[in-house]
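Chemist: Whatever this is, show me its structure:
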Amino acid sequence: MGSWPSGRDWIFSVKAFIAAMLALWIALYLGLPRPYWAMGSVYIVAHPLTGATRSKALYRVLGTLLGAAAGVAIVPSLVNAPTLLMAAVAIWTGCLLYVALLHRTPRSYVFMLAAYTLPLVALPAVDNPAGIFDIAVARAEEICLGILCASVVGALVWPASVADVLRDKSRQWMGDAALWAGDMLSASPGAQVTRHHSRHRLAADILALDQLISQLSYDTETAARVRAARELRGRMTMLLPVLSSLAAAVESLQAAGGVPAPLAAQMQAVKAWIEAGAVGAPPTLAETPLEASWDAALVTAAEDRLAQMVALWTDCVTLCRSIGERHMAHTWAPEFQRWDVGRARHYDHGMLLFSTVTVAMAIFTMGMIWIWMGWADGAGAVALGAISCCFFAAMDEPAPMIRSFFTWNVVCLLISMVFVFAVLPVAHDFEMLVMMFAVPYLIIGLLVAQPRLAMIGMPLAVVTANDIGIQGAYSANFHTFFNTNVAGIAGILFALVWTLALRPFGTRAATRRLVRAGWGDIAANAVGGKPESHASLRARMLDRLAQLVPRLAASESEVSADGFSEVRVGLSTLALQREMPDMPADQQHAVKRVLRSVSGYYKARLDGDADAPPPALRTRLANARQKVGSRIAMAALVEMQVALFPPAVSPAPVSGKA
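Modeler: Residues are numbered from 1 along each chain as shown. Got it, this is the predicted structure:
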């Protein structure tokens, strides 16, 4: 359901409009050739949060300068070899786009801007290669002017702190996590739907927090607050598989006859503590004696995961409160210290290469068609087509967004026609021009301020300004106006058709590749993993989970138990490897047999030779469970059995023959 714009949205819209008009006035006063670029740049970098505006401003300046410099270097030397020129532009765009897709932070904006700034600057200059330097300098000046105005107005007029929004988002995340934890701790079999949707929201929100944390360092904040935000993000990520593991253990206990009263009482105490806001010391958790029977092992695993959850929850609540404080403490002692998560990320290089290569091919093809046709305004078509491909290259299914971009560009053309031929002729001074722009652009600013509408508001703001093409003096020619602006729309249409033809697959293929990547990690690292690599492996597993779960939610798929099962198995293999050096030889042998079987099973899954774990693996899990004397190892073995053989109602027979 939609909602009315908030006060924050109105403040942002007013600030963006003030900055845009200031940039336009300065550009007109200085006599810059395309003052509308300065106006449009304001809306590209403007953000409701001051730190986000600063980061986008810096990255856009760097990206623009890099792309403009490439244009100055490439065009004069290749202008007489059109095919080589288009090949160079396509390769540059594809390479820089690939680097941009590797950075899932605002820093990617540098490379994204550099990627499509080259065709935007270079191609219109092929008829006048000697003027490429002047064009590049003018574009840099106009864009930097817009960026400067957006940054100054954003910092001076009602600045909004990233830390405040991060605090609110973190509290919202903790609220969603509390819903899932409350359902699971109540041991209610009817809570499955709520758990399912909570998991999806939690994983998706972690990816959104990454953007805020990256922007926090550009706010007027201390380094301690940035470190606390990163620690919070890491512990939120750890909490997901721990909650999932505890939920699976509770469900297995229910299937095996019910949750024992002492454990149920501890779960209720933890639930009450969480619902009370985790104020004060957490409940004291008792541990039952270690036994190898299946029911006792399930209780051991549930107690272990409950203790981990309480420690992580304590850390998350403490960090949330710390981020919200005006003056932060510089020291913080974590409660959860069992294992750490590195900062490694999962990248599907195959899909990234495919996306960027298809974009480069699209740009080269559009360029060759333009050259073959001899279309005077074709450079604009190639430039807008390149922007369309680059903007949405990271998406599993870019075609719907390119279609929307095409539709709103048509709307922008119609709005621009009204302005150019009906409004501007009666605007005799700048003050009247501002009054005429005020109503539509204040409304557009409200759209830009809301994430769900930003992809509508952004083209309306930027493309309309470019289509109108405000100059120092009014001179409108319908033929020139129509041909120039229709060329851009034609380029977007080509990008849409190209994307539909070359990228017919989408979320389903990306989901399958993520799942298979998880299988590959377990197969390669279940046996013989080095302890120093465990932090990176955990980080990659959890990052893959954060990417996978929202895709499963979008596709309404229940593949791979919502994506959590493989992560729990992978983390359990690392836990067993960490515990093995302290085990006697017979225990090490039993655990190694389990790990070899796990590795072999996932290798078989990758090869298409297995759809379910072999019975021998279950037997080896049971045998190892009979021998180990460590609670952590016992919990890891139970975790594996619950994840690989759900529902685990009865234990496998113990045998020495497996």
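Chemist: wait, residue 458 sits on residue 45?
Modeler: No. With the criterion set as CB atoms under 8 Å, residue 458 and residue 45 do not qualify as a contacting pair; they are 11.0 Å apart. Where you see a C-beta, it was placed from the backbone N, CA and C, and this is true even at glycine.
Chemist: who has more neighbours, those two?
Modeler: residue 45 (27 against 20; other CB atoms under 10 Å).
Chemist: ok, that one - contacts?
Modeler: Residue 45 sits next to 53, 56-57, 60, 146-147, 150-151 when contact means CB atoms under 8 Å, 6 or more residues apart in numbering.
Chemist: same check, this time on residue 211
Modeler: If a contact means CB under 8 Å, 6+ apart, then residue 211 has 105-106 as its contacts.
Chemist: which ones among the contacts of residue 45 are found in strands?
Modeler: Assignment to strands by DSSP state E places none of the contacts of residue 45 there.
Chemist: Reformat those residues as JSON lines; add pLDDT and distance to residue 338.
Modeler: Formatted as JSON lines, the entries for these read as follows, by pLDDT from 0 to 100; distance: CB to CB, whole Å:
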{"residue": "53", "pLDDT": "73", "distance to residue 338": "40"}
{"residue": "56", "pLDDT": "73", "distance to residue 338": "38"}
{"residue": "57", "pLDDT": "77", "distance to residue 338": "41"}
{"residue": "60", "pLDDT": "80", "distance to residue 338": "42"}
{"residue": "146", "pLDDT": "88", "distance to residue 338": "50"}
{"residue": "147", "pLDDT": "86", "distance to residue 338": "46"}
{"residue": "150", "pLDDT": "86", "distance to residue 338": "45"}
{"residue": "151", "pLDDT": "84", "distance to residue 338": "44"}
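Chemist: who wins for neighbours among those residues?
Modeler: For those, neighbours were counted using other CB under 10 Å, and residue 146 has the most, 32 neighbours in all.
Chemist: what about that residue, distance to residue 434?
Modeler: 16 Å (CB to CB, to the nearest Å).
Chemist: Quick check: mean pLDDT of stretch 586-602?
Modeler: Taken as a whole, stretch 586-602 has an average pLDDT of 92.
Chemist: chain center to that stretch: distance?
Modeler: Centroid separation for stretch 586-602 versus its chain: 35 Å, with CA atoms, centre = their mean, to the nearest Å.
Chemist: what sits up against it?
Modeler: Stretch 586-602 is touched from outside by 519-520, 522-524, 526-527, 569, 573, 576-577, 579-580, 583, 610, 613-614, 616-617, 620-621, 623-624, 627-629, 633, 637, 640, 644, 658, with contacts defined as CB under 8 Å, 6+ apart.
Chemist: Please repeat the previous calculation with a cut-off of 6 Å.
Modeler: 519, 522-523, 526-527, 573, 576, 580, 613, 617, 620-621, 623-624, 627-628 (CB atoms under 6 Å, 6 or more residues apart in numbering).
Chemist: now for the helix or strand encompassing residue 636, which elements pack on it?
Modeler: Counting by DSSP states H and E, the secondary-structure element that holds residue 636 is helix 631-644. Helices and strands touching helix 631-644, by 3 or more CB pairs under 6 Å, 6 or more residues apart in numbering; DSSP states H and E, are helix 223-255, helix 294-324, helix 564-579, helix 615-627.
Chemist: Need those helices in CSV (columns: mean neighbour count, distance to residue 211 and mean pLDDT).
Modeler: Below are those laid out as CSV (neighbours: other CB atoms under 10 Å; distance: least, CB to CB, whole Å; pLDDT from 0 to 100):
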stretch, mean neighbour count, distance to residue 211, mean pLDDT
helix 223-255, 22, 11, 83
helix 294-324, 22, 16, 88
helix 564-579, 24, 23, 88
helix 615-627, 21, 41, 91
